[in-house]
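**Student:** Provide a 3D model corresponding to the input given below.
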Amino acid sequence: MPPKKIQMDLSDQDKIRNEALKIVRREGFEMKRKLDEDDLMGGLKHASTMLSEMRTSMMFPKTYYELYMQASDELRHLESYLLDQLEKHGTIGDLYELVQYTGNIVPRLYLLITVGAVFVKAKQVPTKDVLRDLVEMCRGVQHPLRGLFLRNYLLATIKGQLPEAQEGEDGTIMDSINFILLNFSEMNKLWVRMQHQGHSRDRKKREEERLQLRLLVGTNLVRLSQLEGVDTEVYKKQIIPHLLEQVVSCRDPIAQEYLMESIIQVFPDEFHLVTLEMLLGSCAPLHHSVNIKGIVVSLIDRLVQYFKRNEESGVVNTEINLYKVFSANITKLLENRKTILPEDAVSIQISLLRLTIECYPSNLDYVNELFQTAKSTLSKLDIVTVAPHSAVCQELVALVMEPFKSFPDIATVLKIDTHGAMFAMFESETRHDLAVDVARKITEARFSISSDSEADVIFSTLLHPLVSVEEGSKAVVEETEVFVLDMTLVARVMALIKAEELDTQAQVLNRMKNIFTKGSPAHGHHTIPTLVFKYLALAKGYYDSRDSDDMWEKKCVKIYSFVRSCVLKLCDFDFYELGIHLFLQASLAVSATPVEKSDHIAYDYFTQVITSYEEEIGDSKKQVSIMNLVVGTLNKISCFSGDNYSTLSTKCALLCSKLIKKPDQCRGVCNCANLFWSSTHAEADGELHDGEQVMKCFKKALKIAKSCAEPSAQATLYVEIFDACLAFKKRGCENVSEDYLSKIENVIKETIGSIEDEESNTVVQDQFDKALAYKKTNFF
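**Tutor:** Residues are numbered from 1 along each chain as shown. Below is the predicted model:
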């Protein structure tokens with residue numbers, strides 16, 4: 001029975017290690033001295049004493065490794081000496097049998113391996129016989145720690161001499177494979193046995209020690225992969241079945257997980273391609289605590305990288321359908337492993353999706369099938385909807401977003417039919433976050449939405465949580481800062497609607513109209529204006545292509561009808577001020593794209609503006625702002641008939657004269673003077689230049705100014721009217737006479753004299769002086 005391992009602290013370990021290293025160095029020195037004196041037996045005696053330190057059971061793996069490395073270095077001197085003796089004398093007698101009489105088995109086997117390696121290098125005996133003998137005799141050491149290092153020494157010492165020929169008396173490639181496989185099996189058994197030694201309370205410590213030793217076992221796999229005589233056929237028939245049998249039969253989660261990862265990493269990708277089903281099939285019976293996700297994902301990712309490296313060279317094995325093999329085996333795996341976490345199941349599907357997109361980018365049926373499989377897998381786990389922020393939710397989000405990351409263009413992603421079904425598995429909060437991410441991906445790619453089918457997928461499915469109120473959400477949407485940012489993002493996506501053909505663009509916009517006009521008022525507040533401007537741009541496009549499209553005029557009229565219904569929908573949502581702005585903008589567009597009905601269309605738009613203004617705008621500041629905008633817009637429109645323009649310009653002057661505050665009335669009426677001078681209409685040859693109407697506006701303004709109670713307000717308005725008169729005179733209005741200007745000057749001087757506040761008096765006087773200077777410079 002080997003002595004029990006005594007629990008000790010690190011200071012005890014250091015003491016034991018230092019004492020053992022001291023003996024190893026001393027005996028190693030004595031061994032080299034004896035060998036230098038050609039005293040082989042004396043050297044072997046000291047070597048045996050040195051190697052007796054390897055029998056200890058008192059060391060931790062890390063400490064034992066230091067001792068092992070020191071002893072290995074000393075043994076190399078013995079090996080060199082024996083090789084020199086062989087070169088000098090041609091033989092070293094019965095040394096192979098002689099060292100077997102060493103008293104203790106551990107020193108005996110270390111010496112036997114060293115001498116055996118020398119015999120192999122010197123071709124004294126067939127290599128295959130030595131390999132078989134050594135690997136069998138190493139079974140004599142069953143202590144896990146000592147046995148692992150002993151077998152590692154065997155592999156390290158003999159690895160350069162392994163036969164790799166297909167035929168030969170010295171040995172063949174199969175002898176080398178069998179040697180390594182047997183050594184691997186025995187080492188794996190020793191490694192697993194460590195887990196079952198000692199008290200259960202030390203389990204965690206044993207696991208840590210085993211992890212420190214895992215590379216010793218994995219070295220066998222590395223050496224197998226380095227054998228040049230191994231091809232895919234040999235690997236498939238002779239190597240991988242034995243390895244997988246050992247992995248599955250050991251029933252140890254640490255060993256199974258490490259060895260599966262090692263097999264995937266050390267052997268060439270070409271070998272994995274021909275043994276995919278075997279590898280994946282062996283995952284199902286692994287221990288329930290093994291991280292199956294990591295193993296499968298690692299294998300998939302490795303083959304994806306292989307495919308990328310070899311795709312251009314055309315050497316990829318096209319006979320194997322990677323998706324079908326992986327999909328079938330993953331489905332079986334998930335069915336057989338009932339304990340797998342749902343997030344791990346989805347994570348595996350993500351890796352499979354990456355492989356599918358990389359290897360079969362044009363086959364969207366695979367993507368749809370994969371999404372359906374993911375949903376079905378979760379359904380079998382009684383998961384119909386996933387809770388926000390849960391682990392499975394995060395993985396499912398990654399699965400849904402993967403096509404946007406991996407496909408080279410958004411157009412391909414939009415052809416995936418199962419997006420809607422996947423989105424339905426999330427709760428409203430997650431769907432919203434997903435929609436934001438999708439919108440950002442679309443805008444970052446600057447993807448042109450060129451068909452109604454693409455628009456339908458984007459806005460009815462992917463961005464649906466952003467453009468309408470979903471089930472489970474608040475019925476009344478509050479326009480918070482986050483909401484405004486979301487809608488800005490939607491507007492940016494809408495701006496990307498750009499079909500190659502104008503008629504296709506019209507179809508897309510009509511589809512958008514059906515979606516956005518059915519949304520909530522808060523959503524319509526942000527989406528409808530963007531839609532209106534897209535419609536107006538489309539009308540301009542039809543106008544520009546009028547020479548090649550006989551139906552352009554009818555199409556423009558229809559577009560303007562859609563614009564009208566969209567803006568009226570905004571007004572139904574109580575966004576009257578925004579509706580006024582849009583109607584005015586649309587009027588300018590109608591004037592810039594003249595059609596037979598331009599007068600009626602623009603007049604209708606202005607009628608809607610005036611109606612909304614009179615009935616819904618009550619704030620005085622807003623009234624002033626809107627009337628300035630209305631007058632300015634009317635001044636730029638030229639498509640009205642004479643009667644309609646006269647009606648609208650007169651109505652504008654009347655509305656300005658009815659503003660709440662007298663100064664606003666005065667300035668508004670003055671502004672209306674422009675409508676009778678620089679404006680035009682469809683029946684006029686040029687600008688109107690109606691001086692009489694201009695003077696009526698000025699006289700009305702003077703009358704309003706005179707009605708102000710404060711002299712300072714009166715004087716200020718008089719000066720502004722005087723400025724306006726000078727401006728019109730400069731523009732050629734002869735109705736503004738010198739006598740009229742003189743009368744206003746006298747009124748201003750008289751009014752300024754009555755201002756009691758000195759500061760106000762100074763301000764008005766400065767304005768007046770500037771006006772007089774302008775008059776003197778330009779006229780008189």
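**Student:** wait, what's in contact with Lys338?
**Tutor:** Going by Cβ atoms under 8 Å, 6 or more residues apart in numbering, Lys338 touches no other residue. To be clear about C-beta, it is placed using only N, CA and C from the backbone, and glycine gets the same treatment.
**Student:** and it, that one's in a helix?
**Tutor:** No. Under DSSP: H, G, I helix; E, B strand; the rest coil, Lys338 falls outside any helix and is assigned coil.
**Student:** quick one, phi/psi of it?
**Tutor:** Main-chain dihedrals, Lys338, degrees, to the nearest 10: phi -70, psi -20.
**Student:** could you check how far it is from Thr488?
**Tutor:** Per Cβ to Cβ, to the nearest Å, Lys338 is found 47 Å from Thr488.
**Student:** number of residues surrounding His526?
**Tutor:** 23 (other Cβ atoms under 10 Å).
**Student:** now Asn178
**Tutor:** Asn178 is flanked by 18 other residues according to other Cβ under 10 Å.
**Student:** where's it, which helix or strand?
**Tutor:** For Asn178, the element it lies in under DSSP states H and E is helix 173-193.
**Student:** beyond that helix, next helix or strand please.
**Tutor:** helix 203-226.
**Student:** next, the buried residues of the helix holding Asn178.
**Tutor:** Using 16 or more other Cβ atoms under 10 Å as the test for burial, helix 173-193 gives 173, 175-193.
**Student:** how about stretch 609-624?
**Tutor:** Val609, Ile610, Ser612, Tyr613, Ile617, Gln623, Val624.
**Student:** which other residues reach it?
**Tutor:** For stretch 609-624, using Cβ under 8 Å, 6+ apart, the contacting residues are 571, 576-577, 579-580, 583-584, 587, 626-627, 630, 651, 655, 659-661, 664, 668.
**Student:** kindly report the same for stretch 165-180.
**Tutor:** Contacts for stretch 165-180 (Cβ under 8 Å, 6+ apart): 123, 126-128, 131-132, 135, 155, 162-164, 220, 223-224, 227, 229-230, 234, 238-239.
**Student:** Cys670: how many residues sit nearby?
**Tutor:** Neighbours around Cys670, by other Cβ under 10 Å: 26.
**Student:** sorry, that was for Ile755
**Tutor:** Count around Ile755 with other Cβ under 10 Å applied: 21.
**Student:** need the helices for the stretch 451-600 of the chain, in chain order.
**Tutor:** Taking DSSP state H, counting those that start in this stretch as the test, the helices found in the stretch 451-600 of the chain are 452-456, 464-467, 481-494, 502-516, 521-544, 552-572, 576-592, 598-616.
**Student:** I'd like those laid out as TSV, including distance to Ala673 and mean pLDDT.
**Tutor:** Below are those laid out as TSV (distance: least, Cβ to Cβ, whole Å; pLDDT from 0 to 100):
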stretch	distance to Ala673	mean pLDDT
helix 452-456	47	92
helix 464-467	45	90
helix 481-494	38	93
helix 502-516	40	93
helix 521-544	30	94
helix 552-572	29	96
helix 576-592	20	96
helix 598-616	19	96
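**Student:** on that earlier part again, now, of the contacts of stretch 165-180, which are buried?
**Tutor:** With burial judged by 16+ other Cβ under 10 Å, the buried subset of those is 126-128, 131-132, 135, 155, 162-164, 220, 223-224, 227, 230, 234, 239.
**Student:** how near is Phe447 to Leu396?
**Tutor:** Phe447 is 24 Å from Leu396, by Cβ to Cβ.
**Student:** higher neighbour count, the two?
**Tutor:** Leu396 (27 against 19).
**Student:** that one and Ser298, how far apart?
**Tutor:** For Leu396 relative to Ser298 (Cβ to Cβ), the value is 21 Å.
**Student:** hmm, back to that, between the buried residues of stretch 609-624, which sits nearest Val400?
**Tutor:** Among the buried residues of stretch 609-624, Ser612 lies closest to Val400 (Cβ to Cβ), at 43.5 Å.
**Student:** contacts for the lowest-mean-pLDDT helix or strand in the chain next, please.
**Tutor:** Ranking every helix and strand in the chain by mean pLDDT, DSSP states H and E puts helix 95-98 at the bottom, with a mean of 82. By Cβ under 8 Å, 6+ apart, the surrounding residues in contact with helix 95-98 are Leu40, Leu44, Leu82, Leu112, Val115, Gly116, Phe119, Val125.
**Student:** can you name every helix or strand that whichever helix or strand comes after that helix contacts?
**Tutor:** Sequence order places helix 105-121 as the next helix or strand after helix 95-98, per DSSP H and E. Counting contacts by 3 or more Cβ pairs under 8 Å, 6 or more residues apart in numbering; DSSP states H and E, helix 105-121 packs against helix 40-51, helix 61-89, helix 95-98, helix 127-137, helix 144-158.
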